[in-house]
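Student: Sequence and predicted model, in that order:
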Amino acid sequence: MNRIVPLILAVALFMEQMDSTVIATSLPAIAADLGVGPITLKLALTAYMVSLATFIPLSGWMADRFGAKRIFRFAILVFVAGSILCAISGSLLAFVVSRFLQGMGGAMMTPVARLVLVRSTSRSELVSAMALLTIPALVGPLAGPPLGGFITTYFSWHWIFLINVPVGIVGYVLSGIYLPDIQAAAPPPLDWKGFLLSAVAASGTMFGLSVVSLPALPPIIGIASTLIGLLCAVLYVRHARRHPAPLLDLKLFHDDAFRAAAIGGTLFRISVGAVPFLMPLMLQVGFGLSPFQSGLVTFTGAIGAITTKFIAKRVLSFTGFRTTLIAASIFGAALTFVNGLFTPATPFWFMAGVLLIAGFVRSFFFTSVNALSFADIGDEDASKATSMSAVLQQMSLALGVAAAGTILEIETSLSGTHLELQDFQTAFMIISALTLTAAIPFLAMAKNTGATVSGHRMAAPEAETTAVK
């Protein structure tokens, strides 16, 4: 495996993943410069997520039509252009539009990067490659808040976006040199009706969940938007069953490995979306830490995520996908539950240790589940699988934030007081129960599922017997 390929893709994805959260701690400073309130500026966060949800379904078709390498490099340019426009924005409208443009670039980068990796990597090396590509998805959201707070405090919020320019240029140049030229195919004509339905379904639901969890607008708008999105999702399912070449192909769920990875991964990502939302708030509201201090505490999870790369392939070769994913789901739920036991008296080293191990477990889960998604998918369907996986990932992360926000809202409504430490503790325990359900889809998997990718030794005799028959 040419290791520079996943490294280039990982750096680009880190830039995109970090930027989705980096402005969270910088909202007050940006809002003051633009002359609006911090709550109103949260529309910029929503615009980014809506843009991702809208254009991700289109990414697979564009990669097939124009070539994955070309689309990936184009996405970097769009993302950098959006970053520059964010830095020079002088009004709320300009900033929101610029974030939407950034989202367009990010929507193409994430699934197309995974597609490039799948098509340029042998199945036996896919786990190692996915381990590199999984790190940015976990480290980015953790690094974003403390980095945003540091840059805003000691420099200027404009540099949050300007630092993307040199990184993007280097990524563009290196991808032109080292990424393999994957030839463009001749896909069927674009499913325009499917694109419109999927865009409204994904963006409407994403926008609605974002408004519910980050109330920049009246809650009724979020509820109405979510209902419209769900209605379009139902209409899309009807459309996809009749269309010969739908934009998001539901036939992918006929594959046992992809179906388990999609359902289990979606359930697990609810926790991954909820924890980065709950933990900084609990540390600030419940413990009295500053935003920068809370960011430093949560960042320990990034160290755990990085260590997975070195042992993921060996562990999967020994235990296989089924055992690994079931164990990771159970441990992930347990560690989320432990977060709900933290108090201001809890030693820092203990909290850091729990978050470190949690980062390790989550990284292990996603390295495994991302590789499992493509274990039995042919190259001809790889672009469809990347688009479907990316849509589910974004929706589940938003659902995690919305679920956490809703739990806190209910808690404060029942108690009639402001947010208190016990509200966060309850939320962590409920989220941990949801996380535990991620193990269910993997219980039904055969032990040798994805053995060609994991290299699981226990599957070898069974596979040989099947081949003889």
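Tutor: Arrived safely, thanks for sending. Residues are numbered from 1 along each chain as shown.
Student: mind checking how far stretch 324-343 is from the chain centre?
Tutor: Distance, stretch centre to chain centre, for stretch 324-343: 19 Å (CA atoms, centre = their mean, to the nearest Å).
Student: And the next helix or strand past the helix or strand hosting Met62?
Tutor: Met62 belongs to helix 38-66 when elements are defined using DSSP states H and E. Following helix 38-66 in sequence order, the next helix or strand is helix 68-87 (DSSP H and E).
Student: got the angle between that following helix and helix 38-66?
Tutor: 160 degrees (axes from the mean of the first three to the mean of the last three CA atoms, to 10 degrees).
Student: And the very next helix or strand once past helix 68-87, what does it pack against?
Tutor: Per DSSP H and E, the first helix or strand lying C-terminal to helix 68-87 is helix 92-120. With contacts taken as 3 or more CB pairs under 8 Å, 6 or more residues apart in numbering; DSSP states H and E, helix 92-120 sits against helix 4-19, helix 27-34, helix 38-66, helix 68-87, helix 126-154, helix 382-415. In this view, the C-beta of every residue, glycine as well, is placed from N, C-alpha and C.
Student: same thing but at 6 Å, please
Tutor: helix 4-19, helix 38-66, helix 68-87, helix 382-415 (3 or more CB pairs under 6 Å, 6 or more residues apart in numbering; DSSP states H and E).
Student: Would you single out the least confident of these?
Tutor: The weakest mean pLDDT among those belongs to helix 4-19, with a mean of 76.
Student: mind listing what's buried in it?
Tutor: Neighbour counts over helix 4-19 (16 or more other CB atoms under 10 Å) mark 5-6, 8-19 as buried.
Student: neighbouring contacts of that helix?
Tutor: Residues outside helix 4-19 that contact it (CB atoms under 6 Å, 6 or more residues apart in numbering): 106, 109, 113, 117, 120, 129, 132-133, 136-137, 140, 143-144, 164, 167, 171, 174-175, 178.
Student: Could you export that helix as CSV, CA atoms only?
Tutor: C-alpha atoms of helix 4-19 as CSV (Å, rounded to 0.1, in the frame of the first residue of the first chain):
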residue,chain,number,x,y,z
ILE,A,4,1.2,8.6,1.3
VAL,A,5,-2.3,8.2,-0.4
PRO,A,6,-4.3,7.7,2.8
LEU,A,7,-2.1,10.3,4.5
ILE,A,8,-3.0,13.0,1.9
LEU,A,9,-6.7,12.0,2.2
ALA,A,10,-6.5,12.1,6.0
VAL,A,11,-5.0,15.6,6.1
ALA,A,12,-7.7,16.9,3.8
LEU,A,13,-10.4,15.2,5.9
PHE,A,14,-8.9,16.6,9.1
MET,A,15,-9.2,20.1,7.7
GLU,A,16,-12.9,19.5,6.9
GLN,A,17,-13.8,17.7,10.1
MET,A,18,-12.0,20.2,12.3
ASP,A,19,-13.6,23.2,10.6
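Student: now stretch 374-390, how far from the centre of its chain.
Tutor: Chain-centre distance of stretch 374-390: 17 Å, with CA atoms, centre = their mean.
Student: just for the stretch 201-350 of the chain, where's the confidence low?
Tutor: 213-216, 291-292, 295, 309 (pLDDT under 70).
Student: dump the residue contacts of Leu227.
Tutor: With CB under 6 Å, 6+ apart, Leu227 has no contacts at all.
Student: Past the one helix or strand it maps to, which element shows up next along the chain?
Tutor: Assigned by DSSP H and E, Leu227 falls within helix 219-242. Sequence-wise, the next helix or strand downstream of helix 219-242 (DSSP H and E) is helix 256-281.
Student: tell me the angle of that next one relative to helix 382-415?
Tutor: Calculated by the same axes, to 10 degrees, helix 256-281 forms an angle of 40 degrees with helix 382-415.
Student: Quick one: list the elements packing against helix 256-281.
Tutor: Under the contact definition 3+ CB pairs under 6 Å, 6+ apart, helix 256-281 sits against helix 348-373, helix 382-415, helix 421-436, helix 440-443.
Student: mind running it again at 7 Å?
Tutor: The contact analysis (3 or more CB pairs under 7 Å, 6 or more residues apart in numbering; DSSP states H and E) places helix 256-281 against helix 126-154, helix 291-298, helix 312-339, helix 348-373, helix 382-415, helix 421-436, helix 440-443.
Student: could you dump those helices to CSV with distance to Ile84 and mean neighbour count?
Tutor: Putting these into CSV (distance: least, CB to CB, whole Å; neighbours: other CB atoms under 10 Å) gives the following:
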stretch, distance to Ile84, mean neighbour count
helix 126-154, 16, 23
helix 291-298, 25, 20
helix 312-339, 36, 21
helix 348-373, 31, 23
helix 382-415, 24, 21
helix 421-436, 37, 20
helix 440-443, 42, 18
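Student: now the ones you listed in a markdown table, with distance to Ala451?
Tutor: Shown next, in a markdown table, are the helices and strands packed on helix 256-281 (distance: least, CB to CB, whole Å):
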| stretch | distance to Ala451 |
| --- | --- |
| helix 126-154 | 12 |
| helix 291-298 | 36 |
| helix 312-339 | 7 |
| helix 348-373 | 11 |
| helix 382-415 | 19 |
| helix 421-436 | 26 |
| helix 440-443 | 15 |
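Student: closest to Ala202 out of the ones you listed?
Tutor: helix 382-415 (5.9 Å; CB to CB).
Student: which other helices and strands contact that closest one?
Tutor: Contact here means 3+ CB pairs under 7 Å, 6+ apart; on that basis helix 382-415 packs against helix 38-66, helix 92-120, helix 192-213, helix 256-281, helix 421-436.
Student: how far is the helix holding Met62 from where the chain is centred?
Tutor: Between the centre of helix 38-66 and the centre of its chain there are 12 Å (CA atoms, centre = their mean).
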